[in-house]
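>>> here is a sequence together with a model predicted from it:
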Amino acid sequence: MINIIELNERLPRKAGVCYIPMVPSHLHHMRITEDQLPFAKAVSMDTMLEMQARLGLAVTALVHGKPVAMFGCIVLWTGVAEMWSIISDDARRYPKQLTIVAKSFSDIVAQSLSLHRLQLTVRSDEPRALRWAEYLGFEIEGLMKKYSPDGADTYILARV
């Protein structure tokens with residue numbers, strides 16, 4: 001597994017952008033609108049984030065010292081992992097930096113873990129998130145009906 005120091009060393013040098021180890025309380029320092037985490041009513045976000053951190057790599061992206069995104073990756077089996085993210089409203093002020101951080105994270109994780117498949121899910125009612133995932137190099141493979149904790153339809157995307 002790669003570590004935070006390696007991630008930061010491999011991150012393109014951008015002033016004010018870095019990764020730190022994710023802890024669930026970072027979420028409470030991010031401005032998240034309720035529509036961004038509609039399933040949060042169905043699950044305890046702190047518990048879910050704690051489990052995600054235990055199962056794989058989980059980082060918080062800071063821009064000028066402020067948490068703007070959380071990224072993680074869970075290895076499902078050799079060569080295959082699932083990436084997840086929570087993006088704050090403040091990240092919209094840093095679209096270029098956030099995209100660089102997300103692309104770097106996914107590239108570094110895929111290379112370091114020798115992945116032949118990196119996948120993620122995006123709710124079907126989140127067109128902006130879907131476009132962003134596609135920009136990061138993920139392709140839609142299908143629609144999973146009633147997949148999310150709140151029963152929403154969700155796309156599965158992958159980089160292979």
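In hand now; what should we look at?

>>> and the longest helix for the chain?
Criterion DSSP state H: the longest helix present in the chain is helix 95-112.

>>> so which elements touch that one?
Here helix 95-112 touches helix 4-10, strand 17-21, strand 57-63, strand 66-77, strand 80-87, strand 117-123, helix 127-135, going by 3 or more C-beta pairs under 8 Å, 6 or more residues apart in numbering; DSSP states H and E. Every residue, glycine included, has its C-beta placed from N, CA and C.

>>> tell me the mean pLDDT for the third one?
Confidence over strand 57-63 (mean pLDDT, whole number) is 87.

>>> next: the shortest one.
For strand 17-21, the mean per-residue pLDDT is 84.

>>> show me where pLDDT drops low in this protein?
1-2, 11-15, 33-43 (pLDDT under 70).

>>> just the helices and strands packed on helix 95-112: most buried one?
Mean neighbour counts were compared across those using mean count of other C-beta atoms under 10 Å; the top stretch is strand 57-63, at a mean of 23.

>>> residue 151 sits in which helix or strand?
Using DSSP states H and E, residue 151 sits in no helix or strand.

>>> from residue 51, how far off is it?
Taking C-beta to C-beta, to the nearest Å as the measure, residue 151 falls 21 Å from residue 51.

>>> compare the two (neighbour count), which wins?
More crowded of residue 151 and residue 51, by other C-beta atoms under 10 Å: residue 51, with 15 against 11.

>>> any idea which element that one lies in?
Going by DSSP H and E, residue 51 is in helix 45-55.

>>> so what's the most centrally placed residue in the chain up against?
Geometric centre of the chain, nearest residue: residue 85, 2.1 Å, by C-alpha atoms, centre = their mean. Each residue near residue 85 by C-beta atoms under 8 Å, 6 or more residues apart in numbering is listed here: 69-72, 102, 120.

>>> likewise residue 87?
By C-beta under 8 Å, 6+ apart, the contact set of residue 87 is 36, 68-69, 98, 129.

>>> which pair in these spans the largest distance?
For the contacts of residue 87, the maximum inter-member distance is 15.1 Å, found between 68 and 129 (C-beta to C-beta).
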